[in-house]
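Visitor: Structure, please.
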Amino acid sequence: MSTKKLLAEVESDVLSLLRDNNVSLDIKRKVKAVFDKHAKAQDGLTIAMKRVASSNVAAIGYDPLTETLRVEFVSGSVYDYLKVPATVHANLMAAPSIGKFLNAEIKPNYGDLKIKA
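Guide: Residues are numbered from 1 along each chain as shown. Coordinates of the predicted model:
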């Protein structure tokens, strides 16, 4: 499941919980604003990309402040992988096969957000 879908489901669950417990409309709006802020922040994140030697991956970027790993595939699609520690990013960049490392260590362990189709 993509991070965007997961975020939407969590938002729905939280707002439902707040509604069921008679929480004020003001609190509900504030909770929704927090979810919207996080979704927009991810959409506008700029990460410097570095070209890599791989048959499947064109470039990789990393933002240590948000722990976001951005991967551009040779197909042109771009994904962000969230909460990826700097050590994992370093291991990816040093891996003998970036594609194998990505499939074995990144995709199954970190949430993703499709940035570009």
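
Visitor: Now name the helix or strand holding Leu92.
Guide: Under the criterion DSSP states H and E, the helix or strand holding Leu92 is helix 86-94.

Visitor: what are the ranges of the strands in the chain?
Guide: Secondary structure of the chain (DSSP state E): strands located at 49-51, 57-63, 68-73, 78-81, 112-116.

Visitor: closest one to Lys30 among these?
Guide: The closest approach between Lys30 and any of these, judged by C-beta to C-beta, belongs to strand 112-116 at 23.5 Å. Placement of C-beta: from N, CA and C, glycine included.

Visitor: CA atoms of the closest one as CSV?
Guide: Output in CSV follows, covering the C-alpha atoms of strand 112-116 (Å, rounded to 0.1, in the frame of the first residue of the first chain):
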residue,chain,number,x,y,z
ASP,A,112,6.5,4.4,-0.5
LEU,A,113,4.9,7.3,-2.2
LYS,A,114,4.6,7.4,-6.0
ILE,A,115,5.8,10.9,-7.0
LYS,A,116,5.7,10.5,-10.8
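
Visitor: which parts of it are buried?
Guide: Of the residues in strand 112-116, those buried by neighbour count under the rule 16 or more other C-beta atoms under 10 Å are Asp112, Leu113, Ile115.

Visitor: which strands and helices sit next to it?
Guide: Using 3 or more C-beta pairs under 8 Å, 6 or more residues apart in numbering; DSSP states H and E as the contact criterion, the secondary-structure elements in contact with strand 112-116 are helix 3-20, strand 78-81.

Visitor: which stretch in the ones you listed is the model least sure about?
Guide: Out of the helices and strands packed on strand 112-116, helix 3-20 stands lowest, with a mean of 66 (criterion: mean pLDDT).

Visitor: can you list contacts of stretch 86-94?
Guide: Contacts of stretch 86-94 from elsewhere in the structure, counted by C-beta atoms under 8 Å, 6 or more residues apart in numbering, are Lys50, Val52, Ile60, Tyr62, Pro64, Glu67, Leu69, Ile98, Phe101, Leu102, Glu105, Ile106.

Visitor: hmm, back to that, a markdown table for the strands of the chain, including distance to Arg29?
Guide: Below are the strands of the chain laid out as a markdown table (distance: least, C-beta to C-beta, whole Å):
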| stretch | distance to Arg29 |
| --- | --- |
| strand 49-51 | 37 |
| strand 57-63 | 29 |
| strand 68-73 | 27 |
| strand 78-81 | 27 |
| strand 112-116 | 24 |
